[in-house]
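# Pasting the sequence and the predicted coordinates here, then a few questions.
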Amino acid sequence: MAAPLELSCWGGGWGLPSVHSESLVVMAYAKFSGAPLKVNVIDNTWRGSRGDVPVLTSEDNIVSQPAKILNFLRKQKYNADYELSAKQGADTLAYIALLEEKLLPAMLHTFWVESDNYFSVTKPWFASRIPFPLSLILPGRMSKGALNRILLTRGEPPLYHLREVEAQIYRDAKECLNLLSNRLGTSQFFFGDTPSTLDAYVFGFLAPLYKVRFPKVQLQEHLKQLSNLCRFCDDILNSYFRLSLGAFSCVNRNQQQIAFGEVYSHDSTT
């Protein structure tokens, strides 16, 4: 019998199985590839050591970061890309890099830096799932980490200040969304009728931006004008998560087999 696969991750809200992009990427890929994951959701009774989330455990293996988790699943014969050509595989890597470079900074800003969104939505949501007293400290640390990541990657000449960086990252993000919309067109998925790694990544990035209710919705409004991307997210939610949304939000409340970590800590391999 194959070793059980357990995914420790942030939980859901707003009709999503998780509000955390990295967790959603892994959840979606597991659904697409048929990997039988047991999902352990962080809640405010969690106790554990610090680390990256999501985390996949299987016997003696502990794997973090989406790219590494997906590679591990492929080695276990759970492969959502077996029908892709070499060119489609190369396109997958290129589009994932585009998401990381062009869309991620604006998502970090939307969730963690934009003050109205952070104080009314992001901070309360994450704090409610972090044990006291970390709930008083860690959301602020995560917000500072997001800001530092934005400035580190985008605060280069001639963009030195946050206001200048903010304008540029939202322009880049909207351009990225337009490119994704044009690439998807009227297809169900990015490479036809079967979902793949690229679909998991795009869904993981777009679904929280699409569904979470923010007071400041600059990028969200742009996404909602791209009806095929919204349909893409809705179709995946309805087809792959409709029967399990409730379970994802409450499963294994007493099982804290988790290593806690910084949100959106993407590694360069993704």
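Perfect, thanks for sending it.
# how long is stretch 62-69 end to end?
9 Å (C-alpha to C-alpha, to the nearest Å).
# what distance separates it from the middle of the whole chain?
13 Å (C-alpha atoms, centre = their mean, to the nearest Å).
# buried ones in that stretch?
Val63, Ser64, Gln65, Pro66, Ala67, Ile69 (16 or more other C-beta atoms under 10 Å). Quick note: C-beta positions are derived from backbone N, CA and C, even for glycine.
# can you check stretch 178-197 too?
Across stretch 178-197, burial judged by 16+ other C-beta under 10 Å covers Leu180, Ser181, Leu184, Gln188, Phe189, Phe190, Phe191, Pro195, Ser196, Thr197.
# How about stretch 34-46?
Ala35, Leu37, Val39, Asn40, Val41, Ile42, Asp43, Trp46.
# how far away is the fifth one from Val55?
As for Val41, its distance to Val55 is 12 Å (criterion: C-beta to C-beta, to the nearest Å).
# Which residues are in contact with each of those two?
Shared contacts of Val41 and Val55 (C-beta atoms under 8 Å, 6 or more residues apart in numbering): Ser8, Cys9.
# returning to that earlier point: let's have the buried residues of stretch 62-69 in JSON lines, adding secondary structure.
Converted to JSON lines, the buried residues of stretch 62-69 look like this (DSSP: H, G, I helix; E, B strand; the rest coil):
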{"residue": "Val63", "secondary structure": "strand"}
{"residue": "Ser64", "secondary structure": "strand"}
{"residue": "Gln65", "secondary structure": "coil"}
{"residue": "Pro66", "secondary structure": "helix"}
{"residue": "Ala67", "secondary structure": "helix"}
{"residue": "Ile69", "secondary structure": "helix"}
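# Thought Lys31 was touching Tyr240, still the case?
Yes: if you go by C-beta atoms under 8 Å, Tyr240 and Lys31 touch, sitting 4.2 Å apart.
# which of those two has more neighbours?
Lys31 (20 against 17; other C-beta atoms under 10 Å).
# So the more buried one sits against Gly204, correct?
No: between Lys31 and Gly204 there is no contact under C-beta under 8 Å: 11.6 Å.
# which one of the buried residues of stretch 62-69 sits closest to Asp235?
Using C-beta to C-beta, the shortest approach to Asp235 within these belongs to Pro66, at 21.1 Å.
# Now the closest one. Nearest residue, chain neighbours left out?
Closest residue to Pro66 in three dimensions, ignoring its sequence neighbours and counting by C-beta to C-beta, 6 or more residues apart in numbering: Val25, at 4.5 Å.
# if I've got this straight, that neighbour is in a helix?
Yes: the assignment for Val25 by three-state DSSP puts it in a helix.
# give me the number of residues near it?
Quick note: Val25 (other C-beta under 10 Å) scores 29 neighbours.
# Enumerate every residue touching it.
Applying C-beta under 8 Å, 6+ apart, the residues near Val25 are Pro66, Leu70, Ala200, Tyr201, Phe203, Gly204, Phe205.
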